[in-house]
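> Sequence and predicted structure below; questions after.
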Amino acid sequence: MEVRLVTPDAGAKPGELSPADGSGPRELLAYRSARGRRVVAAMILGSSVAGIDSTVVAVALPAIGRNLHAGFQALQWTVTSYTLTLASLILLAGSLSDRWGRRRVFLAGLSWFTVASVLCAAAPGIGWLIAARAVQGIGGALMTPASLAIIEAAFQPGDRTRAIGTWAGFSGVSSAIAPFLGGWLLQAGSWRAIFLINVPVAAVAAWTTRRHVPESRDTSLSGSADWPGALAGVAALAAITYAIIVLPGAGVTSPQFAAAAVLALGSSAAFAVTERRGSHPMLPPAIFAPAQFRAANAVTFVVNGALGGFAFVFIPALEIVAGYSPVVAGSALVPVTVVTLLLSGASGRLAQRIGPRPQLVAGCLLCAVASMLAVRIGSHAGYWTAVFPSAVLFGLGLASLIPPLTASAMNSAPDSLAGLASGVNNAVARVAGLLWIAALPPITGLTGAAYADPAQFRSSFGQISWICAAAFACAAVLAATFITGPGRPTPAPRTALIQTPVPHLACPVAFGRAPGQTRRADSSPTSDPSRAADPPSPGRPG
């Protein structure tokens, strides 16, 4: 689940936006202008590159395994290596885009992602593919916070919500098209084509961005980016992920697990010390002071972990167990996309009126029922009787729980740290998916070549479905116990861009500020969390 906070700044200072380097006169764009539409189109194309790729890789996993003779652990790393670098670097990348220029960082990420896509397509073995996917994650981390920040910084305050809504809507369309495109490429050619399709799309996006997108940066930032914290975070997540994957097969006493555990402890300690003592930490401990913020992120971790783990095996199960074609298997999640996109706005408005708890509990329970229904998927399972009901329930559950969960996280953070809170919630969601994808297959026996055996895959998929159902039920209990509504009505609605666990499905949702929080209309944006008097920067990742 991805959250992006957008706070239109009518009082931004002149000199923050220019066609070239961000230092010239302010030239905010109108949505209806030709250049404004081209800016939105460029961001849609750039975002679609990453969104389509994330979707079709899941569809292509069985084909990749057969072609490269890879075991299931290697296929896990094909997904987790991308998520690892993306989750580790996205907070740092948001800070870099504010400092170095959002257009510059977006173009760097787009170029990086495209080159890595070519390397993925040319990979001679599974090890090369895993490494190239990790490089792709770096490009994705650079693009993700910069793309929406460009829209926020480029448009006039009155046009920003419409521009963001257009961007979000077409992102949802791209996620719906991706399974059909990926399945067609797999059936017509090779899994390598799913990476090469990024090249022409990225080329058009880069050309449009260079020609029409203005540069912007936050000139008020001081100090250097938190490179030590980012490196320690990458090392910690990589070691933890490796330890989880190798533990079931190697055992606690194995040298591989022992070395990974030592590295994980050491790098985690280094990360904690760096963030506590650093002058400009990307994750200052103060962000976790509010109990509501901790509770919201705990629910986020459980919900997104279960969703990530389930989605990782769901599409391959339809191909390997039920015998679906790649096109049909990939499109099984389209109802989730459609239902979530259509209902998230209404869900956000309802949460404003009744508080977040009822919808959070209901949404988690709907997802739990959807997971239990998925246990029925077996050989020759019917789409309308076995798959479609689960997909619709997942869509209803996500539409119900994502907006209030986002509101709980955002409204519990001080307004000066709201942009950072958005990035933290996003990082928690990605890390949860990373760790659950690493853990669930091996503990259910889905290792080595077992994924090619339909009977073994069905057994493991059934266990994973029950585990995820139990996790959703636990999330409902957590929400009912620890998530509370605001103590008094929340005025002055602000807008968040909710990005669901369905790849690149984003929905703009309005909700109120936390009580007592105000926005200074005469200050310029900054993403430096130490500047408590200033509002959040649009460059913070989410």
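Received, thanks.

> what about the stretch 151-300 of the chain, any weak spots by pLDDT?
Along the stretch 151-300 of the chain, segments meeting pLDDT under 70 span 169, 171-172, 175-176, 218-223, 249-250.

> Break down it into its strands, ranges please.
215-216 (DSSP state E, counting those that start in this stretch).

> all helices of it, in order?
Assigned by DSSP state H, counting those that start in this stretch, the stretch 151-300 of the chain shows helices spanning 157-188, 193-196, 198-212, 227-250, 255-277, 291-320.

> buried sites along the third one?
Pointing back at helix 198-212 there. Neighbour-count burial for helix 198-212 flags 198, 201, 202, 205, 206, 208, 209, 212 (criterion: 16 or more other Cβ atoms under 10 Å). Every C-beta, even on glycine, is put in place using the N, C-alpha and C of the backbone.

> and that helix, what does it pack onto?
For helix 198-212, the packing partners by 3 or more Cβ pairs under 8 Å, 6 or more residues apart in numbering; DSSP states H and E come out as helix 34-68, helix 102-121.

> and those, which one's lowest on average pLDDT?
Of all the helices and strands packed on helix 198-212, helix 34-68 carries the lowest average pLDDT, namely a mean of 84.

> That one: which residues count as buried?
Across helix 34-68, burial judged by 16+ other Cβ under 10 Å covers 35-65, 68.

> just checking, residue 475 touches residue 307?
No: using Cβ atoms under 8 Å, residue 475 makes no contact with residue 307, being 10.2 Å away.

> thinking again about what came up before, closest to residue 437 out of the buried residues of helix 198-212?
residue 198 (22.3 Å; Cβ to Cβ).

> Enumerate every residue touching the closest one.
Contact analysis of residue 198 by Cβ atoms under 8 Å, 6 or more residues apart in numbering lists 49, 52, 53, 113, 114, 117.

> Equivalent analysis for residue 379, please.
Applying Cβ under 8 Å, 6+ apart to residue 379 gives the contacts 321, 322, 323, 454, 458.

> quick one: secondary structure of the third one?
The three-state label for residue 323, taken from DSSP: H, G, I helix; E, B strand; the rest coil, comes out as coil.

> what's the pLDDT at it?
For residue 323, pLDDT reads 89.

> what angle sits between the helix or strand encompassing residue 79 and helix 34-68?
Per DSSP states H and E, residue 79 falls inside helix 72-100. Relative orientation of helix 72-100 and helix 34-68, computed by axes from the mean of the first three to the mean of the last three Cα atoms, to 10 degrees: 160 degrees.

> And helix 72-100, what's buried?
Buried residues in helix 72-100 (16+ other Cβ under 10 Å): 72-100.

> Summarise which helices and strands that helix is packed against.
Of the remaining helices and strands, those touching helix 72-100 by 3+ Cβ pairs under 8 Å, 6+ apart are helix 34-68, helix 102-121, helix 126-154, helix 227-250, helix 418-443.

> What helices and strands are in contact with the second one?
Here helix 102-121 touches helix 34-68, helix 72-100, helix 126-154, helix 193-196, helix 198-212, strand 215-216, going by 3+ Cβ pairs under 8 Å, 6+ apart.

> Of all the ones you listed, which one is nearest residue 298?
The stretch from the helices and strands packed on helix 102-121 with the least distance to residue 298 (Cβ to Cβ) is helix 72-100; that distance is 17.0 Å.

> Quick one: mean pLDDT for the closest one?
Averaged over helix 72-100, pLDDT sits at 83.

> how close does residue 82 get to residue 277?
31 Å (Cβ to Cβ, to the nearest Å).

> State the number of residues packed around the nearest residue to residue 263 once chain neighbours are set aside.
Excluding its sequence neighbours, the residue lying closest to residue 263 (Cβ to Cβ, 6 or more residues apart in numbering) is residue 239, at 4.1 Å. The local packing of residue 239 (other Cβ atoms under 10 Å) involves 20 other residues.

> which residues touch residue 239?
Contacts for residue 239 (Cβ under 8 Å, 6+ apart) come out as 260, 261, 263, 264, 267.

> what residues are up against the residue nearest to residue 439 when sequence neighbours are not counted?
Leaving aside its sequence neighbours, residue 439 sits nearest to residue 244 (Cβ to Cβ, 6+ apart; 4.9 Å). Residues counted as contacts of residue 244 (Cβ under 8 Å, 6+ apart) are 435, 438, 439, 442.

> again with residue 137
By Cβ under 8 Å, 6+ apart, the contact set of residue 137 is 81, 82, 83, 84, 85, 86, 89.

> follow-up on the earlier one: got CSV for the helices and strands packed on helix 198-212, with distance to residue 179 too?
Below are the helices and strands packed on helix 198-212 laid out as CSV (distance: least, Cβ to Cβ, whole Å):
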stretch, distance to residue 179
helix 34-68, 6
helix 102-121, 18
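
> For residue 479, find the nearest of those.
Shortest distance between residue 479 and those, using Cβ to Cβ, is found for helix 34-68: 27.0 Å.

> Please state the offset of the closest one from the chain centre?
Remark: helix 34-68 is offset 13 Å from the chain centroid, using Cα atoms, centre = their mean, to the nearest Å.

> just stretch 91-103 next, same as before
How far stretch 91-103 lies from its chain's middle: 17 Å, per Cα atoms, centre = their mean.

> ok, now stretch 116-134?
Using Cα atoms, centre = their mean, the offset of stretch 116-134 from its chain centre is 21 Å.

> Can I get that stretch as CSV, trimmed to CA atoms?
These are the backbone C-alpha positions of stretch 116-134, laid out as CSV (Å, rounded to 0.1, in the frame of the first residue of the first chain):
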residue,chain,number,x,y,z
ALA,A,116,18.2,-2.3,-16.0
SER,A,117,15.2,-3.5,-18.0
VAL,A,118,17.4,-4.2,-20.9
LEU,A,119,19.8,-6.1,-18.6
CYS,A,120,16.9,-8.1,-17.3
ALA,A,121,15.9,-9.1,-20.8
ALA,A,122,19.4,-10.1,-21.7
ALA,A,123,20.1,-12.0,-18.5
PRO,A,124,21.8,-15.3,-19.3
GLY,A,125,21.0,-16.9,-15.9
ILE,A,126,18.8,-16.4,-12.9
GLY,A,127,21.7,-14.7,-10.9
TRP,A,128,22.1,-12.0,-13.6
LEU,A,129,18.3,-11.5,-13.6
ILE,A,130,18.2,-11.1,-9.8
ALA,A,131,21.0,-8.5,-9.9
ALA,A,132,19.4,-6.6,-12.7
ARG,A,133,16.1,-6.5,-10.8
ALA,A,134,17.9,-5.0,-7.8
